[in-house]
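> Predicted model and sequence below, questions to follow.
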Number of protein chains: 4
Amino acid sequence: MKTVNIGMVGYGFMGRTHSNAFRRVVNFFDVPCLPVLKTVCARNAERAEAFAAQWGYESSVTDWRALVDSKDIDLIDIASPNDTHAEIAIAAAKAGKMVMCEKPLGRNAAESEAMVNAVEAAGVPNMVWYNYRRVPAVTLAKNLVDEGRLGRIFHYRAKFLQDWTISSDLPQGGEGLWRLDVNVAGSGVTGDLLAHCIDTAMWLNGGIAEVTATTETFIKSRTHSLTGKVEPVGIDDASLFLARFQNGSLATFEATRYARGHKALYTLEINGENASIMWDLHDLHRLQYYDHRDEGRVRGWRSLHITDRDHPYMSHWWVPGLQIGYEHTFVHQAADFLTAAWEGKSAPPTFRDGLLTDDVTGAVLESSAKRSWVKVRRRQHDA
Amino acid sequence: MKTVNIGMVGYGFMGRTHSNAFRRVVNFFDVPCLPVLKTVCARNAERAEAFAAQWGYESSVTDWRALVDSKDIDLIDIASPNDTHAEIAIAAAKAGKMVMCEKPLGRNAAESEAMVNAVEAAGVPNMVWYNYRRVPAVTLAKNLVDEGRLGRIFHYRAKFLQDWTISSDLPQGGEGLWRLDVNVAGSGVTGDLLAHCIDTAMWLNGGIAEVTATTETFIKSRTHSLTGKVEPVGIDDASLFLARFQNGSLATFEATRYARGHKALYTLEINGENASIMWDLHDLHRLQYYDHRDEGRVRGWRSLHITDRDHPYMSHWWVPGLQIGYEHTFVHQAADFLTAAWEGKSAPPTFRDGLLTDDVTGAVLESSAKRSWVKVRRRQHDA
Amino acid sequence: MKTVNIGMVGYGFMGRTHSNAFRRVVNFFDVPCLPVLKTVCARNAERAEAFAAQWGYESSVTDWRALVDSKDIDLIDIASPNDTHAEIAIAAAKAGKMVMCEKPLGRNAAESEAMVNAVEAAGVPNMVWYNYRRVPAVTLAKNLVDEGRLGRIFHYRAKFLQDWTISSDLPQGGEGLWRLDVNVAGSGVTGDLLAHCIDTAMWLNGGIAEVTATTETFIKSRTHSLTGKVEPVGIDDASLFLARFQNGSLATFEATRYARGHKALYTLEINGENASIMWDLHDLHRLQYYDHRDEGRVRGWRSLHITDRDHPYMSHWWVPGLQIGYEHTFVHQAADFLTAAWEGKSAPPTFRDGLLTDDVTGAVLESSAKRSWVKVRRRQHDA
Amino acid sequence: MKTVNIGMVGYGFMGRTHSNAFRRVVNFFDVPCLPVLKTVCARNAERAEAFAAQWGYESSVTDWRALVDSKDIDLIDIASPNDTHAEIAIAAAKAGKMVMCEKPLGRNAAESEAMVNAVEAAGVPNMVWYNYRRVPAVTLAKNLVDEGRLGRIFHYRAKFLQDWTISSDLPQGGEGLWRLDVNVAGSGVTGDLLAHCIDTAMWLNGGIAEVTATTETFIKSRTHSLTGKVEPVGIDDASLFLARFQNGSLATFEATRYARGHKALYTLEINGENASIMWDLHDLHRLQYYDHRDEGRVRGWRSLHITDRDHPYMSHWWVPGLQIGYEHTFVHQAADFLTAAWEGKSAPPTFRDGLLTDDVTGAVLESSAKRSWVKVRRRQHDA
């Protein structure tokens, strides 16, 4: 089997999920090419080596340019902090490599636009790791919407609730905490959590036309772990917005790291004229479905246990009733990308899709600053 | 409107639920006759008077024979402890009164048989207050079964779990505690809780053919609140049995007052070839329904919120989405009884139905004592 | 026992819930005075008589002024459509009657302000029937908040979802449909559903400082049932807003009658530094509670079954595990009002509380029209 | 790192779960030795080769004796049908190999006893793949029980419900269907599903003293896929029993493949004097916990989302809130076995533990045949 040699940038949480995806995909999916974990790159040589050993990379380097320059690397996968995405992706595209990038694409739409231009100019297959599209339950939701089962859409609502930054003792910045450093992350929950909600929402329900938003930073200053000084916090701790989709439906969106009791509660709901759908990440193997066309006396929300062979992706795993988890979404994404890339194509969400999401997160931040409705810059896809 | 004068025996928990039923029924149901709370009977004159005042009875007495002898009383409703049921019911029947009796009918099948003979000889309308048949969700379950939606039945399972007698400090017997005194109650959870499960089960799934059971008294002796002495406990604290129904289906039944965390968790499930149903008393306004004939990808357990106008009894109450509670089951039973009785008929479950349940509880206790399978004495109705 | 003679205006859905409350309260609560269902008023004489018979009113009239003028009436309870509230309440107050009024208080804050001025000038006990405060689970939530268990509040979210007006065949206006007629109702879901959410929210979390909102009328014209003509729809079908509370917490609010699958899904959640609470009307007998101070390994959302004797109001009803329903909230409200009124006091929510809610709904409608943030006019109570 | 060379027998559902476990374990756990997928054995050479390619085995063979005879193999893992377990395990033990065996150990206790004798005589590390002990939620349940949080145990209940054999068109025997052939499987749901329930139950609650059981074969004859003839079905389709544990607690157990709507619903519950625990396989990442020592007003079932770092095994996976699935239980088991085996020890459940479970399944089948209570042969461990 032909191989695709992977150069991985980053070894944190996302470096692990991506590496795992490439390791597992061949055991469960008939991909047209064999992904090879060739080289991992991280600034700290010792950690890069340890990571390479743990995951079976053939080698490690400390400068990502080594990957870009190497003839042995076919695909560069960017799993490093947000402030590194644009530079690496653009260089990789120019070098003719396939490029995968952890979300959000850039720290802002301007960075993302440059990245899109680079991959499109180079004509290289590309993808952003918005992994939740490939939770089987979410993919099924997409299929049900595409089949027209919901009819005219009236409402969409999504939220992503966490509680891990409530303590004021938590430092900002540094190892494992760069998501709290606005210079590295670009924004707080808007780019980190809302971006997931927006990507799925536009996939299911088409483009967002305009928003009114508010954000808040509950803890105004924190010790910076790199400088040791107490510094103002630049990120948004919470971000809420109302939206109108291009199709006329209304929406509420919310993300926060201050919702006590929720670890990673991403929930979405879509209400159509004929049917409605709900899903949440804390029970990701279930989909709630309500069909008004059911006979009245036995009409109710159906709790679908998404483990049957005719559910998306599930024929590749175990037997009915046995659930898969979070990490599998990345395996699905790897399978789809390798299949598309082998034919020279990108797999959705492409960098351009990622840019459209960044347009919305940008509008959210602008709306919050201006305290007014803001129209989303680019027209989105229709659902 | 013609009236039905009620003589109520008992003023405890069940005296309240029955009185409430007669008070409410005329506001919500078009019954053919007006129930009048005529006289309440209780041994303690002061309490009887207070209860009469609270519920609007016209008078109170301390001897139930006064009700039997009175020309003003049309219906005698027995809500007093189990050891009084047989004597009162038989006397009431002989006096030509309609008779309603709190469950279980007698302390054992022998008592119950005498009661059945009395009401049948007298030809008086009669009913046992097995109220859970008239939870709208349970009535809907019965309708779905009767419509043949489930197909051949393979399994039935029911349990009734409580935790209120775990403390060894709890005395046995006396005010509010007669359920712990075997002489008064007849048995422990077998007659108190399992009897409910059995009544519903036979209504939904036909007669029970044979059982193998085990019972246990976890706390062997308790202070008797009347004597003040520590005495052996005669009731069963827990009662479990396996059963075979006449239709060939298999069942597990369990009742206990030692299941920490459950206050009144009566659950039932029935599995048929084509569909299954689940219900539980802690969310009594919901019914879970699974239909295998649904399209595969969107097949799942439906959580029916039993508050729509086309659900049993619900058109009499509020608007869709607004739930009713426990007490309403008694109102439904009162409505059905008054309607039937006005035409001289009994409403199910009749005394004879109650006797069939006592046959099963008797078989359970016998099986536990003998440590063997026991066949139920009388053939039950077929489902 | 002294009596309070009630004159009821209206015989619809709310006329039934209020009448039931006064009928039941004496059986379950030790109120200091006996409510007497004296006279019901409705424009249609025949229906008024039928309602009087059904609920045991001594008489019926067709002009509410007869109630105001009668010396026999102590309390006027307004359960008629919104456009009648102000005129009746003001007249009743001037006549020195106690006044209870179904929510929302007026069709807008101007009407409500006049009503507040009238009852305060007359010094008569008054209350608005925002019944959800007295769901035992919601009252417990209030107690937990008041005890300081949640710590600093970061987030509040509430929604009220229905689906009963999705069909475009549904006429507007007329019997049972006045909620769709803007002239009668004042607004659509903003005054009907959001008002409930706002009343509870301010009770639990203090005043709302400012809002940004959007509303939508999905079906633009409907046949008017009174005129028979197709006319533009004046009400809002959906209403969404973001809010900032006076205490600095952020909120999302949403109400709609176009959320397929939800009959009356009022949900609320409040997230504090130390604990969080969730509740929903479809399982109103439960409260979800999360306490971060629990030991880590066994920390999770607790599903409280609000049926124990130490839960608010529940010692008056049945035994642990047995749930009550929607209608009981009105009984609780009647009990609290009669107790307060007997001492010449109002019970919350008073007309003034109702006005504060109308200030917020007014700000919501203004924000939607202006497409901008709007500050709430009057400073609210602090939590 | 030192290596452990694995010889895998079988390539079906269990061959996949075991292979996956050995492939993943080194990425997530610091095991003392590197498992090497050396050789897979299957009767069909083509399929064995394909499986080897899919999972990265170095070679494949068609006779398991080749594994036993090979000096290159350190560990023999038996994932083939039940009728092959004993012969292979005994030969492997005699050859001094470590032995892992899919459950149930043998087709009956006699076979299992010979297997235990063989591994104990040879002194080789051994384990049975009862994987559900290592669902993190179940492991946490064990920890909570061991810490004494539940107090005296009163009740245990477990069931394992499936619905995949309801159709009478399903053949018995042959590829993928050997579980329906009594000669291969040994029994039906008793050995396949109840055995899981029993293994966990004895681990959590100590030995089972005696049982009364009933079994049923609902579909009496099926086409045998190997012979093409309609033949009597020898397996039990459903198996139910009541039990008394050595510690005096009572239990209900049930397994069936005829419970419409349930794919793999393994549920367990344990009720103690002070606390109770519930778990089910359809939401395996949650544990329900009730502690009576909580303050009354806020006492309720806690839904623990078992994804935190202080939950068993979870620090090895992702971040809080992100769930793992079914397959991970095998990874945990591989990690524990490799760690123990490296020091020459077995990891639980050992072959001897597996035998104790077979004693109970044997007693169940005997009880069903004799229609009487049966004492379990060997005394079990105490909890």
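Noted; the coordinates are in hand. Residues are numbered from 1 along each chain as shown, chains lettered A, B, ... in the order given.
> from here on, contacts and neighbour counts on C-alpha atoms
Fine.
> what comes up buried for stretch A:72-79?
Judged by neighbour count using 16 or more other Cα atoms under 10 Å in any protein chain shown, the buried positions of stretch A:72-79 are A:I73, A:D74, A:L75, A:I76, A:D77, A:I78, A:A79.
> do stretch A:208-228 as well
A:208-218, A:221-225.
> now for the helix or strand containing A:S367, which elements pack on it?
Using DSSP states H and E, A:S367 sits within helix A:351-370. For helix A:351-370, the packing partners by 3 or more Cα pairs under 8 Å, 6 or more residues apart in numbering or on different chains; DSSP states H and E come out as helix A:109-122, strand A:126-128, helix A:195-205, strand A:208-216, strand A:374-375.
> Pull out the buried residues from it.
Quick answer for helix A:351-370 (16+ other Cα under 10 Å): A:351-368.
> Now the residue in chain A that chain B sits nearest to. Its backbone dihedrals?
Nearest to chain B, among the residues of chain A, is A:R302, at 4.1 Å (Cα to the nearest Cα). For A:R302, the backbone dihedrals (degrees, to the nearest 10) come out as phi -90, psi 130.
> same check, this time on the one 5 residues further on
Here is the backbone geometry of A:T307 (degrees, to the nearest 10): phi -140, psi 10.
> burial measure for it, as a count.
Residues near A:T307, counting by other Cα atoms under 10 Å in any protein chain shown, number 26.
> Leaving out sequence neighbours, find the closest residue to it.
Nearest-residue entry for A:T307: A:P320, 5.0 Å, with adjacent residues in sequence omitted and distances by Cα to Cα, 6 or more residues apart in numbering or on different chains.
> From A:H311, how far out is the nearest residue to the residue of chain A closest to chain B once chain neighbours are set aside?
Of all residues not flanking A:R302 in the chain, B:R302 sits nearest, at 4.1 Å (Cα to Cα, 6+ apart). Computed as Cα to Cα, to the nearest Å, the B:R302 to A:H311 distance reads 18 Å.
> More neighbours: the two, which one.
More neighbours surround B:R302 than the other of B:R302 and A:H311, with 23 against 18 (other Cα under 10 Å).
> okay, that one: pLDDT?
Per-residue confidence (pLDDT) for B:R302: 98.
> who does it bridge with?
B:R302 forms beta bridges with A:R302, B:Y289, as assigned by DSSP bridges.
> and the residue nearest to A:M1 when sequence neighbours are not counted, what are its phi and psi?
Sequence neighbours aside, A:C33 is the residue nearest to A:M1 in space, at 5.9 Å (criterion: Cα to Cα, 6+ apart). Dihedral pair for A:C33: phi -150, psi 160, per degrees, to the nearest 10.
> pretty sure A:S60 belongs to a strand, no?
Yes: when classified by DSSP: H, G, I helix; E, B strand; the rest coil, A:S60 is found to be part of a strand.
> Please name the bridge partners of it.
A:V40.
> Check what pLDDT it gets.
pLDDT at A:S60 comes out at 98.
> now swap in the one 10 residues further on and tell me
The model reports A:S70 with a pLDDT of 97.
> Now do A:W301 against C:S303, distance only.
20 Å.
> A:T165 now?
Using Cα to Cα, A:T165 is found at 25 Å from C:S303.
> Ok, A:L144 next?
32 Å.
> likewise A:K103?
35 Å.
> A:P104 too?
Taken as Cα to Cα, the span from A:P104 to C:S303 is 36 Å.
> where does the spatially closest residue to A:G10 that is not a sequence neighbour land in three-state SS?
Excluding the flanking residues, the one nearest A:G10 by Cα to Cα, 6+ apart is A:S80, at 4.3 Å. Three-state call for A:S80 (three-state DSSP): coil.
> one step back: kindly present the buried residues of stretch A:72-79 as TSV, with separate columns for pLDDT, distance to D:D63 and secondary structure.
As requested, those are arranged in TSV below (pLDDT from 0 to 100; distance: Cα to Cα, whole Å; DSSP: H, G, I helix; E, B strand; the rest coil):
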residue	pLDDT	distance to D:D63	secondary structure
A:I73	98	41	coil
A:D74	98	41	coil
A:L75	98	42	strand
A:I76	98	44	strand
A:D77	98	43	strand
A:I78	98	46	strand
A:A79	97	45	coil
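> CSV please, covering these and showing distance to D:V233.
Supplementary listing: the buried residues of stretch A:72-79 in CSV, determined by distance: Cα to Cα, whole Å:
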residue, distance to D:V233
A:I73, 58
A:D74, 56
A:L75, 55
A:I76, 57
A:D77, 55
A:I78, 57
A:A79, 55
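> Identify the bridge partners of A:V374.
A:V211.
> Roughly how far does the residue of chain A positioned farthest from its centre sit from A:Q162?
The outermost residue of chain A, judged against the average C-alpha position, is A:R297 (40.0 Å), by Cα atoms, centre = their mean. The gap separating A:R297 from A:Q162 is 38 Å, by Cα to Cα.
> Over to A:G56?
Counting by Cα to Cα, the gap from A:G56 to A:Q162 is 33 Å.
> now do A:V211
23 Å.
> just checking, A:H262 touches A:I166?
No: at 11.8 Å, A:H262 and A:I166 do not qualify as touching, with contact defined as Cα atoms under 8 Å.
> Looking at those two, which is more packed in?
A:H262 (24 against 19).
> before we move on, the earlier item: next, the angle from the helix holding A:S367 to strand A:208-216.
Helix A:351-370 and strand A:208-216 are oriented at 50 degrees to each other (axes from the mean of the first three to the mean of the last three Cα atoms, to 10 degrees).
> ok and helix A:351-370 relative to helix A:195-205, angle-wise?
120 degrees.
> Helix A:351-370 - what's its average pLDDT?
On average, helix A:351-370 scores 98.
> Restrict it to CA atoms and write it as CSV.
Coordinates of each C-alpha in helix A:351-370 appear next as CSV, following Å, rounded to 0.1, in the frame of the first residue of the first chain:
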residue,chain,number,x,y,z
PHE,A,351,-9.7,25.9,5.3
ARG,A,352,-12.3,28.0,3.4
ASP,A,353,-15.0,26.5,5.7
GLY,A,354,-12.8,27.4,8.7
LEU,A,355,-12.5,31.0,7.4
LEU,A,356,-16.3,31.3,7.3
THR,A,357,-16.5,30.3,10.9
ASP,A,358,-13.8,32.8,11.8
ASP,A,359,-15.9,35.5,10.0
VAL,A,360,-18.7,34.7,12.5
THR,A,361,-16.5,34.6,15.6
GLY,A,362,-15.0,37.9,14.3
ALA,A,363,-18.5,39.4,14.0
VAL,A,364,-19.3,38.2,17.6
LEU,A,365,-16.3,39.9,19.0
GLU,A,366,-17.0,43.1,17.0
SER,A,367,-20.6,43.1,18.1
SER,A,368,-19.6,42.7,21.7
ALA,A,369,-17.2,45.6,21.4
LYS,A,370,-19.6,47.9,19.6
